[in-house]
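# pasting the sequence and the predicted coordinates here, then a few questions.
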Amino acid sequence: MQARYWTYDEMWAELRRLAVANSQLMRVEVIGQSRQGRDIAAVTLTDAAFGNPEDKAAVFVDANIHAGEVSGNAVAMYWIQWCVEQYGHDPEATELLRSHTVYVVPRIAVDGAELYLTTPARFRSSPHLYPHSQTPDGFVEDDVNGDGRVLMMRVPADDGGYAIDEIDPRVMRPRRPGEFGGTYYHVFPEGRIDRAAKTGPLPALPTAKAARRHGMDFNRNFPIRWAGETGQRGAGPYPLSEPELRALADFIHRHPNISAYAALHTSGGVILRQPSTGDDSVLSEVDRALFTQVATIGEQVSGYFSGSNYEKFATGHEKVLMPGAADDWMYDHLGILGFTIEIWDLDGRAGARGYGEHGMRALLALSPEEILEDERKVYAYVAQEFGADGLFDWTPFEHPDFGPVDIGGLDPKFVIQNPPLRLLPEECQKVSAFLTKLGLSTAKLTIADATCERVEDGVYRIVAEVGNAGFLPTSSTDKGKQLLLEGIRAELIGPYEMIAGVSPQPIGHLDGYGARNRYAPPAQQRAYAEWLIRAAEGAQLTVSFAGPRAGRVSQEIRTAK
């Protein structure tokens, strides 16, 4: 399997190659276009010999919704390749594609990611102008020294808030209260001041307000607690205003068999789950158990931490936590069990404190000296592991706006936000292992028994028992039941006349083995359908059970001769 960072053309070439080489297992399609006209890919993985994709419960994975989170795309591409190449060899890959369906959108922010990979530029999601209608003046991040990276700048100033650390001079430490008599700096990203009207020189620092030209955040644009730009930066003009996200939402609604979800992000080394609106008490007892059990398996196979969005991100200062986020929409509006996976944990590898383990509230409680201690650990780790490829010495530069400055620091793209290339395979393997477990957790219908009993000449009683051998219920979650999602229907197909019973026959939802009480009979995990019919002797009939998030299972029976 290849673990690498893919440009747009490289990604599409690889997807087409895999689809041609594995035509029974894989299909790739275009589900929409970006603002700049790039195609958005969606991949379907399943063994068609064992049933149509829509007739199996599915896991849906998307990646790279934020332009710079290209390791999410790398994991998605790696997992696609693993699924098809290990099919028939690895028991989990084989079971996944025989009994379930996998849908993957490997890159959402196709415009922003392409610029991120091929230029020094960095974007949150999209390079189009937002939130302003005209290009604003101000400070813009830019590669001013032409080395191909946007690093950090330190500008000497008496009113600066930073000083060179006495223990590790590569680190810039905060200036302490009451400190004076040293050399101090302003520290901020490498960039320049851009003004449309060149009316003459102006003081640099007072005019260095961030221009914020590319402020769109795709993961704040979903129709769930949407807050608008004044309530949430990057929210967009209205929910699903962006063509990339409309294409994504349409794809999800066209595939009602989706019963589990994973969004691949960076960074933090953590598997995030619901809820976002409070502590775990806001979930039903069933959903709390489902989320925590699947997340625990994720911890075991990936080595990542896990916790709820609220536990890891809430600080006590927000009115609404991350309004307009995809995983909230998938659960609250669609009832789908979903997770956000934050790939790569630089802090953890360096022995520093990160939010993935401790949560944002705990990090905000750290003292400046504790934060400095952690930063020293990160710099020391990067210097030891990656050397000059990851840590750039402070280098003098004559800046056109700020005069003499130094430029240096950590590689923001492939040390801070994403793993360096040589560590990418490890992240791909760990996260792929969890995605596989998540897919295998979806519902799986089985017919436990189907009998045809002769009542009298030409009259037969048919009883069929169906069970759910999957971990998740056929509704995906308890929330799915509350949303009145369609349940299982039993159908009897063939040449007969109905005497008693109906076909299709609604039988509701079935629990999975993950929702059962310990040591209790599986009453809610199984159900049966019964029909009294008139048919010829030896007639061939088919009993079928199906549900949108449960798949379809069928068995043939014959009337007794």
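Yes, it's here.

# where exactly do the helices run in the stretch 401-550 of the chain?
Remark: helices assigned in the stretch 401-550 of the chain by DSSP state H, counting those that start in this stretch are 424-440, 478-482.

# and those, which is most packed in?
Comparing the helices of the stretch 401-550 of the chain by mean neighbour count (mean count of other Cβ atoms under 10 Å), helix 424-440 ranks first with a mean of 22. Glycine gets a C-beta too; all of them are placed from N, C-alpha and C.

# in contact with the closest residue to Ala235 other than its chain neighbours, which residues?
Closest residue to Ala235 apart from its sequence neighbours, by Cβ to Cβ, 6 or more residues apart in numbering: Arg220 at 4.6 Å. By Cβ atoms under 8 Å, 6 or more residues apart in numbering, Arg220 lies in contact with 226-227, 232-236, 322-325.

# what's the closest of those to Ser276?
Closest to Ser276 out of those is Met322 (6.1 Å), distances taken as Cβ to Cβ.

# measure the closest residue to that closest one other than its chain neighbours to Ala325 for me?
What sits nearest to Met322 in space, not counting adjacent residues and going by Cβ to Cβ, 6+ apart, is Ser276, at 6.1 Å. Here Ser276 is placed at a distance of 7 Å from Ala325 (Cβ to Cβ, to the nearest Å).

# which neighbours do the two have in common?
Asn309.

# can you pull out the low-pLDDT segments for the stretch 51-200 of the chain?
Low-confidence segments of the stretch 51-200 of the chain, defined by pLDDT under 70: 133, 196-200.

# all the strands of it, in order from the start?
58-63, 101-105, 138-141, 152-156, 162-164, 172-174, 185-189, 191-194 (DSSP state E, counting those that start in this stretch).

# which stretch among those comes nearest Ala49?
strand 101-105 (13.4 Å).

# what is that closest one packed up against?
The helices and strands touching strand 101-105, judged by 3 or more Cβ pairs under 8 Å, 6 or more residues apart in numbering; DSSP states H and E, are strand 39-45, strand 58-63, helix 70-86, helix 243-254.

# kindly export the first one (C-alpha atoms) in PDB.
Provided in PDB are the C-alpha atoms of strand 39-45 (Å, rounded to 0.1, in the frame of the first residue of the first chain):
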ATOM      1  CA  ASP A  39     -14.200  17.000  -9.900                       C
ATOM      2  CA  ILE A  40     -15.100  15.500  -6.400                       C
ATOM      3  CA  ALA A  41     -14.600  11.800  -6.300                       C
ATOM      4  CA  ALA A  42     -16.700   9.200  -4.500                       C
ATOM      5  CA  VAL A  43     -15.600   5.600  -4.200                       C
ATOM      6  CA  THR A  44     -17.900   2.600  -3.600                       C
ATOM      7  CA  LEU A  45     -16.300  -0.600  -2.300                       C
END
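
# list the neighbouring strands of that strand plus their orientation.
Applying DSSP bridges, strand 39-45 is found paired with strand 26-33 (antiparallel), strand 101-105 (antiparallel).

# tell me the mean pLDDT over that strand?
Across strand 39-45, the average pLDDT comes to 99.

# re the thing from before, turn the strands paired with strand 39-45 into JSON lines, including distance to Thr451 and mean neighbour count.
Below are these laid out as JSON lines (distance: least, Cβ to Cβ, whole Å; neighbours: other Cβ atoms under 10 Å):
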{"stretch": "strand 26-33", "distance to Thr451": "38", "mean neighbour count": "17"}
{"stretch": "strand 101-105", "distance to Thr451": "30", "mean neighbour count": "25"}
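
# and these as JSON lines, adding distance to Ala42?
Shown next, in JSON lines, are these (distance: least, Cβ to Cβ, whole Å):
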{"stretch": "strand 26-33", "distance to Ala42": "5"}
{"stretch": "strand 101-105", "distance to Ala42": "5"}
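
# for the closest residue to Ala157 other than its chain neighbours, which residues are in contact?
Counting by Cβ to Cβ, 6+ apart, Ala157 lies nearest to His186, which is 5.2 Å off, once chain neighbours are set aside. The neighbourhood of His186, defined by Cβ under 8 Å, 6+ apart, consists of 154-155, 157, 159-162, 205.

# per-residue pLDDT, the closest residue to Asp279 other than its chain neighbours?
The spatial neighbour of Asp279 that comes closest, neighbours along the chain excluded (Cβ to Cβ, 6+ apart), is Tyr310 at 6.3 Å. Tyr310 carries a pLDDT value of 88.

# 15 is where my numbering starts, stick with that
Got it, the first residue is 15 from now on, which makes the last one we talked about Tyr324.

# now do Val89 against Phe353, distance only.
In terms of Cβ to Cβ, Val89 sits 13 Å off from Phe353.

# buried residues in the one helix or strand in the chain whose mean pLDDT sits lowest?
Across the helices and strands of the chain, mean confidence by mean pLDDT, DSSP states H and E is lowest for helix 242-245: a mean of 81. By 16 or more other Cβ atoms under 10 Å, helix 242-245 has no buried positions at all.

# same question, stretch 231-243
For stretch 231-243, by 16+ other Cβ under 10 Å, it's 231-236, 238-240.

# now do the SS call for the residue nearest to Met336.
Here Ser290 is coil, with the state taken from DSSP: H, G, I helix; E, B strand; the rest coil.

# touching, Ile238 and Trp343? I think so.
Yes - applying Cβ atoms under 8 Å, one finds Ile238 in contact with Trp343, separated by 4.0 Å.

# which helices and strands does the least confident helix or strand of the chain pack with?
Secondary elements touching helix 242-245 (3+ Cβ pairs under 8 Å, 6+ apart): none.

# what count of nearby residues applies to Phe485?
Using other Cβ atoms under 10 Å, Phe485 is surrounded by 22 other residues.

# whoops, Ala504 was the one
22.

# next one: the one 4 residues further on
Taking other Cβ under 10 Å as the neighbour definition, Gly508 ends up with a count of 15.

# and the gap between it and Gly552?
Per Cβ to Cβ, Gly508 is found 11 Å from Gly552.

# got it, and Trp96?
Applying Cβ to Cβ to Trp96 and Gly552 gives a distance of 47 Å.

# neighbour count winner among those two?
Neighbour totals were compared for Trp96 and Gly552, and Trp96 leads with 20 against 9 (other Cβ under 10 Å).

# list the contacts for the more buried one?
Counted by Cβ under 8 Å, 6+ apart, Trp96 has contacts 15, 107, 446.

# quick one: it from Asp341, how far?
For Trp96 relative to Asp341 (Cβ to Cβ), the value is 23 Å.

# can you check Pro439 too?
Separation of Pro439 from Asp341 (Cβ to Cβ): 26 Å.

# before we move on, what about Phe411?
42 Å.

# please, which helix or strand holds the residue most central in space within the chain?
With distances taken as Cα atoms, centre = their mean, Ala277 lies nearest the centre of the chain, 0.7 Å away. Taking DSSP states H and E as the definition, Ala277 sits inside strand 272-280.
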